[in-house]
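A.B. asks: Sequence first, then the predicted structure, then my questions.
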Amino acid sequence: MTGPRILFVSSEVAPLVKTGGLADVSAALPKMLAELGCAIRILMPAYGDLPLPPEAARVVYAGQIAGHAVEVHAASFQDLPPLWLVRCDALFGRTGNPYLGPDGRDWPDNADRFALLARTAATLALQGADGFRPDVLHLNDWQTGLAAALLADRPERPGLVFTIHNLNFQGNFPYEWFGRLALPPELATMDRLEFHGQLSFIKGGIVHADAITTVSPTYAREICTPALGAGLDGLLRHRAADLTGIVNGIDPDVWNPATDPLIHTRYDLSTVERKGANKRALRAAFDLPTVAAPLLGMVSRLTEQKGIDLVLECLPCAIDEGAQLVVLGSGERHFEQALVDAAGRHPRQLVFVTGYDERLAHRIEAGADMFLMPSRFEPCGLNQMYSMVYGTPPIVHRTGGLADTVHDPDDPGVAPEAATGFVMDAATPVALEATLRRALGAWRKPMVWRELQANGMRADFSWRPSAERYLEIYRRVARRSAGAAS
Ligand code: ADP
Ligand code: GLC
């Protein structure tokens with residue numbers, strides 16, 4: 001094994017537990033890193049309902065961490081690299097959403113829960129387990145940030161990489177958590193973890209990691225500005241020399257219309273007309289009439305970030321144009337209610353499905369003609385890439401990873417064979433309406449549309465080049481201590 005040894009820490013890993021793109025990345029990136037020769041372990045909490053047979057687990061660590069009895073179980077699942085599961089039932093043994101209780105609110109002890117994940121990561125980073133001691137600890141999002149703060153001053157620590165998947169989720173907790181978590185007092189300062197009178201987990205990663213990455217080059221620039229810096233832009237500018245934007249890829253074992261077991265009819269570029277069978281099946285599933293109209297899809301968390309309010313404002317336009325829409329999403333109640341109401345008013349044109357449904361997400365990508373993703377900000381975004389490879393041109397806002405991955409035929413410098421979707425310059429209802437009309441106009445020209453579809457289906461969103469960039473960063477920060485076990 002020639003590559004560095006990586007301990008990759010994440011609070012969600014698909015298909016075991018997923019609330020968004022972090023889970024997809026936490027599966028696909030480690031898989032590609034293993035292919036590139038890294039020895040890798042994925043560390044995540046042992047939530048109460050992971051679909052893993054308990055007897056398959058092997059204890060590789062057992063001890064007391066910050067007053068909690070913790071076991072780490074080695075497990076394997078499908079084609080994922082080896083998993084290390086942090087077992088502490090009092091904190092992680094619950095079922096359902098990993099961050100929210102049944103009332104839809106954050107678990108009140110989330111600071112405790114993710115401090116324990118971070119502390120376990122720090123412990124394993126220093127002492128290793130099962131003959132594996134990492135050269136690099138790769139931390140993802142606020143849930144893991146504290147580990148970098150706890151390790152920064154330890155000479156025997158591995159290299160520290162922190163990836164920001166969404167700067168707006170910061171893990172900020174009331175100041176008294178410094179004491180409740182018994183954190184070293186020197187961390188309670190502005191230049192460490194204190195943030196506007198609170199304890200900020202994400203600052204742990206941003207302040208202390210050797211290298212910081214985020215999930216697209218454009219987002220890396222945007223978070224250094226007050227507009228999208230979420231109060232941390234000053235700190236990020238200060239660390240700009242160590243900040244890199246690396247665009248996410250997609251996992252072709254999961255998102256590929258030629259092999260996807262979840263869709264109605266499989267197809268590829270040479271059989272793209274079979275996509276029509278998926279459209280028919282999607283319509284039939286929701287009693288949408290067969291008319292000569294485009295079908296728009298959306299799969300999203302229902303939050304302001306994703307611009308669902310813009311979609312709601314533009315509904316009258318889409319309806320007037322005769323379009324049909326299938327929206328799958330869950331999130332803020334008022335958006336769900338607005339969609340339920342609108343679907344009630346337009347049963348022949350709008351379907352809203354609430355909840356989390358992996359199979360339907362695939363069926364929408366395959367069955368829709370175009371995909372709506374007018375996010376206000378989008379660190380990378382995966383759905384626009386899934387859409388393009390499914391021949392479903394996306395309508396997006398020019399922000400973050402959307403700006404980096406979608407190319408509009410009307411933009412200067414975009415050759416016809418490079419165009420893959422529609423990009424609007426502002427996240428406003430006016431801009432969305434204009435872009436929607438432009439997309440509908442293109443859809444009515446079959447030759448134009450075919451080319452747009454084909455360009456997206458041909459595009460390469462492989463993880464390999466991005467994983468190679470992570471590997472370069474790992475090599476730069478790796479620390480192989482003399483006493484390291486192999
Ligand atoms: P984010 O992580 O900000 O939510 P991404 O585009 O990176 O955005 O990733 C979202 C992922 O979550 C995609 O794989 C998408 O298909 C999936 N997803 C989002 N909402 C749902 C839902 N209601 N049902 C099924 N999958 C969903
Ligand atoms: C976050 C971002 C999304 C990104 C995903 C994976 O959830 O909101 O844009 O694709 O992380 O990096």
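C.D. replies: Cool, the structure landed. These figures come from a predicted structure and were not determined experimentally. Numbering: from 1, shown residues only. Ligands and ions are numbered 1, 2, ... in the order given.

A.B. asks: what does the stretch 351-486 of the chain put close to ligand 1?
C.D. replies: Residues of the stretch 351-486 of the chain that fall close to ligand 1, judged by CB under 6 Å from any ligand atom: Tyr356, Asp357, Glu358, Ala361, Cys380, Gly381, Leu382, Asn383. For every residue, glycine as well, the C-beta is placed using N, CA and C.

A.B. asks: Closest to Gln127 out of the residues you listed?
C.D. replies: Comparing those against Gln127 with CB to CB picks out Cys380 as the nearest, at 33.7 Å.

A.B. asks: any idea how far Gly159 is from the closest one?
C.D. replies: Counting by CB to CB, to the nearest Å, the gap from Cys380 to Gly159 is 23 Å.

A.B. asks: Give the residue from the two that has the larger number of neighbours.
C.D. replies: Each of Cys380 and Gly159 had its neighbours counted (other CB atoms under 10 Å), and the higher figure belongs to Cys380 (26 against 23).

A.B. asks: The more buried one and Asn248 touch, don't they?
C.D. replies: Yes. Counting by CB atoms under 8 Å, Cys380 sits close enough to Asn248 to count as a contact (4.4 Å).

A.B. asks: quick one: common contacting residues for the two?
C.D. replies: Contact criterion CB atoms under 8 Å, 6 or more residues apart in numbering; residues bridging Cys380 and Asn248 by contacting each: Gly21, Val215, Ser216, Gly401.

A.B. asks: Pick the one among these closest to Thr259.
C.D. replies: The shortest separation between Thr259 and any of these is 21.0 Å, and it belongs to Gly21 (by CB to CB).

A.B. asks: Spit out the contact partners of that closest one.
C.D. replies: Residues in contact with Gly21 (CB under 8 Å, 6+ apart) are His165, Asn248, Cys380, Gly381, Leu382.

A.B. asks: count of neighbours near the residue of the stretch 151-300 of the chain at minimum distance from ligand 2?
C.D. replies: Across the stretch 151-300 of the chain, the shortest distance to ligand 2 (CB to the nearest ligand atom) belongs to His165, at 3.3 Å. The number of residues packed near His165 is 21, by other CB under 10 Å.

A.B. asks: Backbone dihedrals for it, both of them.
C.D. replies: Geometry field for His165 lists phi and psi as phi -90, psi -30, criterion degrees, to the nearest 10.

A.B. asks: If I look at it, what pLDDT would I see?
C.D. replies: According to the per-residue confidence, His165 scores 98 in pLDDT.

A.B. asks: What's the separation between it and Gly21?
C.D. replies: Looking at His165 against Gly21, where the rule is CB to CB, the gap reads 7 Å.

A.B. asks: anything in contact with each of those two?
C.D. replies: Common neighbours of His165 and Gly21 (CB under 8 Å, 6+ apart) are Cys380.

A.B. asks: picking that back up, out of the residues of the stretch 351-486 of the chain next to ligand 1, which is most surrounded?
C.D. replies: Comparing these by number of neighbours (other CB under 10 Å), Gly381 comes first, having 31 neighbours.
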